[in-house]
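Student: here is a sequence together with a model predicted from it:
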Amino acid sequence: MRNSFRASAIGTLLLGAFLLAGCSADTDQRTESFEFTGARLDVVNSNANMPVTTSDQAGGEEIVVTVHTETLVKSANTPAWSLDGTSLNLGTPCGDGIIGYCEGSFSIVVPAGTEVYVNGAAATTR
């Protein structure tokens, strides 16, 4: 029994590697805007492996969130973003799965002068 399970597991891994070898990466970008007039924005990033870059823009009264993803064999999910008062919750575009690859990063544009915190730590805006 153990040998047949081991052979099956190795066969599955080899098939996955074969499928990945013939594929190219897909890139995707999704953007959403939120009206915002506060002085401080608290970003909650549930996927700490996805960096958040912030920059400020004069004259705006909105937050613009963009996620850039690169995937292989799997598709990116539409993130569940929400702004509740001064808290911006970022969902992850990379779902669970064993086979495939998904990497992403967030960029957020905020009104000039807005203090930005990501997971409780002060973020530097450009």
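Tutor: Yes, it's here. Numbering: from 1, shown residues only.
Student: burial count for the closest residue in space to Asn45 that isn't next to it in sequence?
Tutor: Once flanking residues are discounted, Asn45 sits nearest to Leu90: 5.0 Å by C-beta to C-beta, 6 or more residues apart in numbering. Any C-beta I mention is one placed from the backbone N, CA and C, and that applies to glycine too. Leu90 has 21 neighbours, counted by other C-beta atoms under 10 Å.
Student: how close does Leu90 sit to Val110?
Tutor: In this structure, Leu90 and Val110 are 14 Å apart, going by C-beta to C-beta, to the nearest Å.
Student: where does the chain have low pLDDT?
Tutor: By pLDDT under 70, the weakly predicted segments of the chain are 1-24, 48-50, 96-98.
Student: what residues are up against the residue lying closest to Thr37 once chain neighbours are set aside?
Tutor: Nearest-residue entry for Thr37: Glu61, 5.6 Å, with adjacent residues in sequence omitted and distances by C-beta to C-beta, 6+ apart. Residues counted as contacts of Glu61 (C-beta atoms under 8 Å, 6 or more residues apart in numbering) are 35-37, 111.
Student: for Val67, same thing?
Tutor: The contact partners of Val67, by C-beta under 8 Å, 6+ apart, come to 29-30, 50, 79, 90, 93, 104-106.
Student: now secondary structure and distance to Asn119 too, for the residues you listed, in a markdown table please.
Tutor: Converted to a markdown table, the contacts of Val67 look like this (DSSP: H, G, I helix; E, B strand; the rest coil; distance: C-beta to C-beta, whole Å):
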| residue | secondary structure | distance to Asn119 |
| --- | --- | --- |
| Gln29 | strand | 23 |
| Arg30 | strand | 21 |
| Met50 | coil | 11 |
| Pro79 | coil | 16 |
| Leu90 | strand | 10 |
| Pro93 | coil | 18 |
| Gly104 | strand | 16 |
| Ser105 | strand | 15 |
| Phe106 | strand | 12 |
